[in-house]
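Peer 1: sequence and predicted model, in that order:
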Amino acid sequence: MSYPTVGSTNIVTTVDCQKQVRSWRLLRSLMELLIPTCNCVSLEQHRIEEENYLHSYFYSQPTFISSTVVTGTIFGYRRGKVSFCIQTNSNSATPILLLELAVPTAILAKEMQGGILRITLESLATKNGLENSYTLLSVPVWTMCCNGRKVGFAVKRTPSKADMNVLGLMGSVIVGAGIITAKELNCEDELMYLRANFERVRSSSNSESFHLIDPDGNIGQELGIFFLRSR
């Protein structure tokens, strides 16, 4: 199996859906090919503040509940916004969750170039307790932070026919990053994607997190998505 050569170039490289990417480092390198390098301001202080917040929140929760492995896919049209899909496995017909995130695809890809991507989704409990009546992943609207910065809202939505078509095209991909061409999608825009196994950790009824697992089975902190319901 061969992979595209990674170098300092701004040329967009098409990656076949069937090719498997074997490490987070290669995933990052591919994202650098897919999106031109930008001169972004360092977000280290934002990341440190968010890590401290997440640490204090999760470690203040009741005893750990459970951990399972699921398939997570981050995808979006180049000129559109990003979606995050959780499935039982790569061929699952019904997603556990599909969220439309608040950031454009190109911006999120640039965030990935830094080596760490932390997405925090927070739901605030209301006085009438309406939000608390939902199971955590059923909450319809979330406040979203990306690498420590507030970027807007994420919205849960029902998968469309186009979404299911995209997921179907990626059905054989377990771990991968690349582009599905506009021709394959029968539309005017190409779609970028990143797919991997994630450890789903349920810490309490008010907190869950998803952590990328590399193909060797190691769980790192490079890519994490956190769902929190404040009390």
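Peer 2: Received the coordinates, thanks.
Peer 1: so how many other residues sit close to residue 188?
Peer 2: Number of residues near residue 188 (other Cβ atoms under 10 Å) recorded here: 8. From N, CA and C alone the C-beta is placed, and that goes for glycine too.
Peer 1: which SS state does the closest residue to residue 91 other than its chain neighbours fall under?
Peer 2: Leaving aside its sequence neighbours, residue 91 sits nearest to residue 171 (Cβ to Cβ, 6 or more residues apart in numbering; 5.2 Å). Taken by DSSP: H, G, I helix; E, B strand; the rest coil, the conformation at residue 171 corresponds to coil.
Peer 1: for burial, what's the neighbour tally of residue 171?
Peer 2: 13.
Peer 1: low-confidence bits of the chain, can you list those?
Peer 2: 1-64, 125-133, 231 (pLDDT under 70).
Peer 1: can you map out the helices along it?
Peer 2: 24-34, 44-58, 105-112, 161-169, 182-185 (DSSP state H).
Peer 1: which residues does the last one contact?
Peer 2: Residues external to helix 182-185 that are found in contact with it (Cβ atoms under 8 Å, 6 or more residues apart in numbering): 162, 165-166, 169, 188-191.
Peer 1: repeat the analysis, applying 10 Å as the threshold.
Peer 2: 14, 17, 77-78, 162, 165-166, 169, 188-191 (Cβ atoms under 10 Å, 6 or more residues apart in numbering).
Peer 1: buried set for it?
Peer 2: Within helix 182-185, the residues that count as buried by 16 or more other Cβ atoms under 10 Å are residue 185.
Peer 1: what lines up beside the longest strand seen in the chain in the sheet?
Peer 2: Ranked by residue count under DSSP state E, the longest strand found in the chain is strand 191-204. Here strand 191-204 has these sheet partners by DSSP bridges: strand 66-77 (antiparallel), strand 176-180 (antiparallel), strand 207-213 (antiparallel).
Peer 1: want to throw those strands into JSON lines with mean neighbour count?
Peer 2: Formatted as JSON lines, these follow (neighbours: other Cβ atoms under 10 Å):
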{"stretch": "strand 66-77", "mean neighbour count": "18"}
{"stretch": "strand 176-180", "mean neighbour count": "23"}
{"stretch": "strand 207-213", "mean neighbour count": "21"}
